[in-house]
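Student: Mind looking at a prediction? Sequence and model below.
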Amino acid sequence: MPTTLGELARLVGGELRGDARIALTGASTTDVARSGEVTLADHPDRARAITASLASAVIASPNVDCGGKPSIVVADVHAAFATAVRHFRPPRVLARIGVSAQAVVSPAAKLAAHVEVHPGATIAEDVRIGPHTTIHAGVRIMAGCTIGSGVTIFPNAVLYEDTRVGDRVVIHAGAIIGAYGFGYRQVDGRHLLSAQLGNVEIAADVEIGAATTIDRGTYGPTVIGEGTKIDNLVMVAHNCRLGRHNLICSQVGIAGSTTTGDYVVMAGQVGVRDHVHIGDRAVLCSKAGVSNDVEAGVEMLGAPAVPLRQAKLQMAAVAKLPEMRRQFRILQRQLEELRGGVDDADGRLPSDQAA
Amino acid sequence: MPTTLGELARLVGGELRGDARIALTGASTTDVARSGEVTLADHPDRARAITASLASAVIASPNVDCGGKPSIVVADVHAAFATAVRHFRPPRVLARIGVSAQAVVSPAAKLAAHVEVHPGATIAEDVRIGPHTTIHAGVRIMAGCTIGSGVTIFPNAVLYEDTRVGDRVVIHAGAIIGAYGFGYRQVDGRHLLSAQLGNVEIAADVEIGAATTIDRGTYGPTVIGEGTKIDNLVMVAHNCRLGRHNLICSQVGIAGSTTTGDYVVMAGQVGVRDHVHIGDRAVLCSKAGVSNDVEAGVEMLGAPAVPLRQAKLQMAAVAKLPEMRRQFRILQRQLEELRGGVDDADGRLPSDQAA
Amino acid sequence: MPTTLGELARLVGGELRGDARIALTGASTTDVARSGEVTLADHPDRARAITASLASAVIASPNVDCGGKPSIVVADVHAAFATAVRHFRPPRVLARIGVSAQAVVSPAAKLAAHVEVHPGATIAEDVRIGPHTTIHAGVRIMAGCTIGSGVTIFPNAVLYEDTRVGDRVVIHAGAIIGAYGFGYRQVDGRHLLSAQLGNVEIAADVEIGAATTIDRGTYGPTVIGEGTKIDNLVMVAHNCRLGRHNLICSQVGIAGSTTTGDYVVMAGQVGVRDHVHIGDRAVLCSKAGVSNDVEAGVEMLGAPAVPLRQAKLQMAAVAKLPEMRRQFRILQRQLEELRGGVDDADGRLPSDQAA
């Protein structure tokens, strides 16, 4: 049964602008919305897309011109639109199953009340799990791990021995926590693995993306600080200590023993070398290659990374380098003329063929 | 029992050049082939390698000089050589097992006829699977997924809730489809996860590599278009919409809400920022860092990426920059001499130590 | 019960410098060590950190000044400190379990004596496993694989059909060995997958990191040479042949049919194109993009990669390019003045706005 625009305005707590009787059957983003659906507009620059959209109505910020389309104006567009989406397409409610008989739980593991363990998960000896935590299918929790309350571990993630996981942590599918650090020394022409006596400690409210790997420390813990969020396919090497509330985007690699302050941001595919420190609120732009300490608040770009303004000047200069090179040849010729052809053998830019 | 060159020529439908009675015992690539084996030559530049090879015979393109080695000439070398390999080393035929008693299949899942479900796989409620689809060991199919016919999902891949998979799709081991998008906003110093109300939709004939991750959309689907092939360890972020018949090579990262046309190619380790569009048949060369829209048919290289010709000019100019810098100092000195030493404090390139 | 410094000195076989009666309760790295703990100092440059540390004693190299802190001097600091860590925090000893009844082992698989197979692992037909090998939970070993002795395969790793694994190999969690190579040819506008008739062969003493992927060869094997160590999230494409004792760091990508000699080192996020050869003991620095053969012993940096010295000169020159550009404009102006303003329209570097 459709919902009217008026009903939806009441549901999301917004101000109605247009005919309250318009019937709506769904909520979709602007480029794919069809007639009969409501869409969203969170920024004035969306105005043209809204006008072009097939959507019948818009949930919009106060500062967006919806070009006459019926709308519901709200302060927090995303919260309101999420409510609309949930209204039209109610999220699946998973039945609580408790500890599945098809999971393998060691008798020497201690599970609190209200723990969900899905079929095919394995929980080894001396593991402790706090209340209201969900362990999905195929998760492997090796011996001695400690897991807090309200944690979710998605299918097929693996926690090696003695991993510690704080409250409300989310670990996505295929993440591997606590594998061996990549440290070797050469003896008689063979690489010998370093000690693997540490573990991984993940503080509260951390989220870890799919297929991300965090290696155990050599002698002590590799640490992920409270509230830090890590995207998919990220590598955090042994002995790293990340601070609180970092945002580490996909495919970042952080080499061994590197540390970060709080609120550090690393964009996609950044690489940071071992044994450096990235200061509070520093930002590493995507694909940056960082091989030195970065001071607090500094934004870095490029490989090798330099502060943003400097990197942009360098990149602009490189973009103009072919033309500068052409100009340079003209300058050389002119100077040569002025000098009357002296020093022919010296001071001439080699031609492209010769260089 | 060996096969003669004559028998092999008939088997692959090629033209025999040499003694039909030569006995062959295997088929191997040129660098590892031993005496008694047949190898392949698909290009004239393989001639020297063929002459040097220990192989006793060659399956070759018409335009390859085999240096007198007995050969079978065919139009499609790879099809013929694959036939030869299969002849000498017949591929394993897996017994059909139906739905293993050691898999965990929800009674609320609907499986068509001729579906194979291997031991240790888990299939949750409201999942639908089409005929002739194979679900390998340890695959996790969460609630509400829809999977077409003739699909193969290799071991330990994970499909989050409501993933849709078209006909004949291949998903390799460890791929994670539908994990949460990496979208946050900061409230009171903490990062709050955006809505995760969308899903992932994979069209027909898509292939997805091992340990590749494709995140669910915020409100609607992340889309992989028909016939698109994705290699291992690729990241496709939330809300992306890839077109048809793209080729996305290993370790590529595509940030949120980016879209591509048809027949786009991205080489290894490319990074594409969020909210851009890559036009039909565009080619992003390996390690390119793309932060703007790319027009149809354009080939891009570098980080930041620019059109190929421009990138090559820039790279060539950078390669010669140290020499240009040396020449530049000479020019400065010469000009200074001409000007009689005026303006000493100005217009001088700082020395390396000072710069 | 605490251990005295004297007892610890005897345990690690070192020379005591300080009061033998000091009581110690643990062993930690310098930055996190507390009072009552012993720490380590492996290099003279650690002296200041040691002085600042709360640790009560130090296990130190002979050449480290411990600033008066009680110490135990040893030749091999890491071996001695690992002994101390194990003394204070004895590693978990896993009970041997044999072949778990909750694993799924094909009756057509052949397991030697003293093989451990954990719950939830699946071992398909015609697999052979040597003695003293451990298969952890959720590992998938597909048909026809051959695995040596003393091998460890961590949870949820996947071996596709016919993978061969040498003695003492370690494969970490989530690694995917033997998925299809990413080779296609276009026929009638669709990408057709190449033959997948090869396999992966891993020689003795190889170690493979978490979530690393190694694709099978087209007609023959993809090969990882003896003693080679591969970190997490690495991609080794089809038909590659890596030599012996390579060190391949995290997030490296090696494209199809590329080969390496012995003792090659690739640092993090390196990319190597297909069909090239990297010579013995070559070093590819982190983020290098290599698209040509590299000769033995050469160190390469940059994208495109060039020999290290050259790359550093280029990078230094680029860093100074904005200043050089400014100087260049001055030179142009001065020369123009000397020439009396001739040729105004030519030979002038465009201003930033115009360029």
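Tutor: All right, it came through fine.

Student: Now for the residue lying closest to A:G289 once chain neighbours are set aside: which residues touch it?
Tutor: The shortest distance from A:G289 to any non-neighbouring residue, by CB to CB, 6 or more residues apart in numbering or on different chains, is to A:A303 (3.1 Å). Every C-beta, even on glycine, is put in place using the N, C-alpha and C of the backbone. Neighbouring residues of A:A303 by CB atoms under 8 Å, 6 or more residues apart in numbering or on different chains: A:271, A:287-289, B:303, C:287, C:303.

Student: Now restrict the residues you listed to buried residues only.
Tutor: Those of the contacts of A:A303 that meet the buried threshold are A:271, A:287-289, B:303, C:287, C:303, by 16 or more other CB atoms under 10 Å in any protein chain shown.

Student: Among the contacts of A:A303, which one sits closest to A:R309?
Tutor: Comparing those against A:R309 with CB to CB places A:A288 closest, at 14.2 Å.

Student: Who's the closest spatial neighbour of the closest one, skipping the chain neighbours?
Tutor: Leaving aside its chain neighbours, A:A288 sits nearest to A:A305 (4.2 Å; criterion: CB to CB, 6+ apart).

Student: what's the one you found in contact with, if anything?
Tutor: Shown in contact with A:A305 (CB under 8 Å, 6+ apart): A:284-285, A:288-291, A:294, A:311.

Student: how is chain A carved up into domains?
Tutor: When chain A is parsed with automatic domain parsing, its domains come out as A:3-88, A:104-309, A:320-355.

Student: next one: the longest one to chain centre, how far?
Tutor: On the basis of CA atoms, centre = their mean, to the nearest Å, domain A:104-309 is displaced by 13 Å from the centre of the chain it belongs to.

Student: measure it end to end?
Tutor: Chord length of domain A:104-309, first to last residue, is 55 Å (CA to CA, to the nearest Å).

Student: One more: stretch A:167-177?
Tutor: Distances were taken as CA to CA; on that basis the terminal residues of stretch A:167-177 are 16 Å apart.

Student: go on, stretch A:30-45?
Tutor: For stretch A:30-45, the end-to-end distance is 13 Å (CA to CA).

Student: List the buried residues of that stretch.
Tutor: Of the residues in stretch A:30-45, those with enough neighbours to count as buried (16+ other CB under 10 Å) are A:30-33, A:37-42.

Student: So which of these are in helices?
Tutor: Nothing among the buried residues of stretch A:30-45 maps onto helices, per DSSP state H.

Student: Return the item of these having minimum pLDDT.
Tutor: Of all the buried residues of stretch A:30-45, the model is least confident about A:D31, whose pLDDT is 87.

Student: Run through the residues that contact that one.
Tutor: By CB under 8 Å, 6+ apart, the contact list for A:D31 reads A:49, A:53.

Student: For it, grab phi and psi.
Tutor: With angles defined as degrees, to the nearest 10, A:D31 sits at phi -70, psi -20.

Student: State the distance from it to chain C.
Tutor: Computed with CB to the nearest CB, to the nearest Å, the distance linking A:D31 and chain C is 25 Å.

Student: so who does the closest residue to A:G220 other than its chain neighbours touch?
Tutor: With CB to CB, 6+ apart as the measure, A:G198 is the residue that lies nearest to A:G220, at 4.8 Å, once sequence neighbours are left out. With contact taken as CB under 8 Å, 6+ apart, A:G198 is in contact with A:181, A:216-222, A:238-239.

Student: related to what we said a few turns ago, can you tell me which of the domains of chain A is packed in deepest?
Tutor: Of all the domains of chain A, domain A:104-309 carries the top mean neighbour count, a mean of 23, counting by mean count of other CB atoms under 10 Å in any protein chain shown.

Student: sorry, back to before: could you identify the most distant pair in the contacts of A:A303?
Tutor: Using CB to CB, the pair of these lying farthest apart is A:A288 and C:A303, separated by 13.2 Å.

Student: rewinding a little: mind checking which of the buried ones among the contacts of A:A303 land in helices?
Tutor: Cross-referencing these against helices under DSSP H gives no overlap.

Student: could those residues go into a markdown table alongside pLDDT and distance to C:V99?
Tutor: Output for the buried ones among the contacts of A:A303, formatted as a markdown table (pLDDT from 0 to 100; distance: CB to CB, whole Å):
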| residue | pLDDT | distance to C:V99 |
| --- | --- | --- |
| A:G271 | 98 | 42 |
| A:K287 | 98 | 47 |
| A:A288 | 98 | 49 |
| A:G289 | 98 | 47 |
| B:A303 | 96 | 51 |
| C:K287 | 98 | 45 |
| C:A303 | 96 | 49 |
